[in-house]
Every structure is written in C-alpha cells, then in structure tokens.
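> below: sequence and its predicted model.
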Amino acid sequence: MSTPHTLRDSAPPATPNRHRAIHPLWVRVTHWLNALAAIVMMLSGWRIYDASPIFPAFSFPTAITLGGWLGGALQWHFAAMWLLVFNGLVYLALNLASGRLVRKFLPLTPRVVLRDFVAALRGRLSHADLRDYNAVQKLAYLFAIVDLIVLVLSGLAIWKSVQFPLLRELMGGYDNARIVHFTAMSLLAAFLAVHLAMVALVPRSLLAMLRGR
C-alpha cells in the first residue's frame, strides 16, 4: 500500500522570491503619474513665484521654469494639480485597501531611523532585497506623501482663499500660506534630489519601478 502524500508534498512549489513582482502594476503607474505631476507643478510653480516673489532678492532662472509666462504657467500648474490630486487619492486608497501602506512603511521608530541613517552614512545599508525598505527610506517616502498633501492644501488656501477661509486661517493667513507652499515645494525639491542620487547608487531600483522586478 502506498503512503498517502502529505498536504505539503502535494502542494505546488512556492514561487521563488526573485520571480515575484517587487512593485505591482498599480504602484508603478501611480508612482510615475505622481512624479510627472509633481515635477510639472514644481517647474510651473517656479515661474508663478517669479511673477510675485515672496523673497524679492531671490528668483528662479527662466530656463528651469515651465509655462513661458504667468498665464501659461498657471495653466500647466492647475492641470498638473488635478492629476496629482486624483492620482494621489487613487495611490493612497489602493495602499490602504491592500495593506501595503502598513506593510511597507510601518512600524517606524526614531531609534531604528537613527540606526539606519548612521549605517547609510557608513555605506553599510544592504539593498539586496528591494522589497524591504530600510527605516530611512520609509521615513523619506512617508515625508514625501505628507509634503505633497501640504502642497495641495496650501495651494488651495492661496488659489481659493475666499472659498476656504478656515484652511487659509489654519495656514496663518494668505501670506503665510504662500510661505508654507514655497517651503513645501523646496522640501519636495530636496527629496527629489536625494531620491535621484539614491537611484543612481542603486540603479536596480529604477528598473524595478519600470518593469516591476
């Protein structure tokens, strides 16, 4: 009499980790749309800033702005804003519904962030498995999400100041809302610079965001 196979023996072999997608399709699509919208908003926002600078001694070179003139920059800015808002809502909704937000970015503690930050400075952080984010990455990505939300809210306080008086007052008034918007934009630019530097150091991360693996 033959011995019955156990459930473990009859189950199909597990798919090796290297064959599983690092980023599902919806993550890649929403990531690139968010990146496109953020960059367009930033470049057009610099042209809008130059038309009425918060700090008169500082302006952005025209060559790195988008829109050509104030009216054109505003059109680019608002078009990108709607893309960022709707695509960002889809990104957040799918992350929450799938549990990816908690699984990828939490838990996160100051102690672990400091440990990984020191390891990064020493060049000792491993990037062998791109599915696992280190604490510094987790903090940076969560910061980018919050910063983009602040950008949208402060932009609404500037654009529709009369229609959103509570939002305007939460920002400290119209003039302060402009400073909040400018500061959030500057922090986003810094995030993008660091993000691109890290991609240059670990080019496999770019391939993973393009093809999923």
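Thanks, I have it.
> how many other residues sit next to the nearest residue to Ala120 once chain neighbours are set aside?
In space, Ala120 comes closest to Val136 once its chain neighbours are excluded; the distance is 5.7 Å by C-beta to C-beta, 6 or more residues apart in numbering. (C-beta placed from N, C-alpha, C; glycine too.) When counting by other C-beta atoms under 10 Å, one arrives at 21 neighbours for Val136.
> and Val136, how far from Ile149?
Val136 is 21 Å from Ile149, where distance means C-beta to C-beta, to the nearest Å.
> check Leu130 too.
From Leu130 over to Ile149 the distance is 26 Å, taken as C-beta to C-beta.
> so where is this structure shaky, pLDDT-wise?
Within the chain, the segments meeting pLDDT under 70 span 1-20, 126-128.
> ok, the spatially most central residue of it - contacts?
Closest to where the C-alpha atoms of the chain average out (C-alpha atoms, centre = their mean) is Ala144, at 4.4 Å. Contact partners of Ala144, counting by C-beta atoms under 8 Å, 6 or more residues apart in numbering, are Leu188, Phe191.
> buried by neighbour count: which residues of the helix or strand containing it qualify?
Counting by DSSP states H and E, the secondary-structure element that holds Ala144 is helix 135-159. Neighbour-count burial for helix 135-159, with 16 or more other C-beta atoms under 10 Å as criterion, is recorded at 135-141, 144-145, 147-148, 150-158.
> from what I can see the residue nearest to Ala120 touches Leu121, true?
No. Using C-beta atoms under 8 Å, Val136 makes no contact with Leu121, being 9.9 Å away.
> what is the burial count for Val194?
The burial metric for Val194, expressed as a neighbour count using other C-beta under 10 Å, is 12.
> please name every helix or strand in contact with the helix or strand harbouring it.
When secondary structure is defined using DSSP H and E, the element that contains Val194 is helix 174-201. If contacts are counted by 3 or more C-beta pairs under 8 Å, 6 or more residues apart in numbering; DSSP states H and E, helix 174-201 sits against helix 25-51, helix 135-159, helix 204-211.
> ok and the shortest one relative to helix 25-51, angle-wise?
Same thing as helix 204-211. Compare the direction of helix 204-211 with that of helix 25-51 by axes from the mean of the first three to the mean of the last three C-alpha atoms, to 10 degrees and you get 110 degrees.
> mind listing what's buried in the helix holding Val194?
Residues of helix 174-201 classed as buried: Ala177, Arg178, Val180, His181, Phe182, Ala184, Met185, Leu187, Leu188, Phe191, His195, Met198 (neighbour count, 16+ other C-beta under 10 Å).
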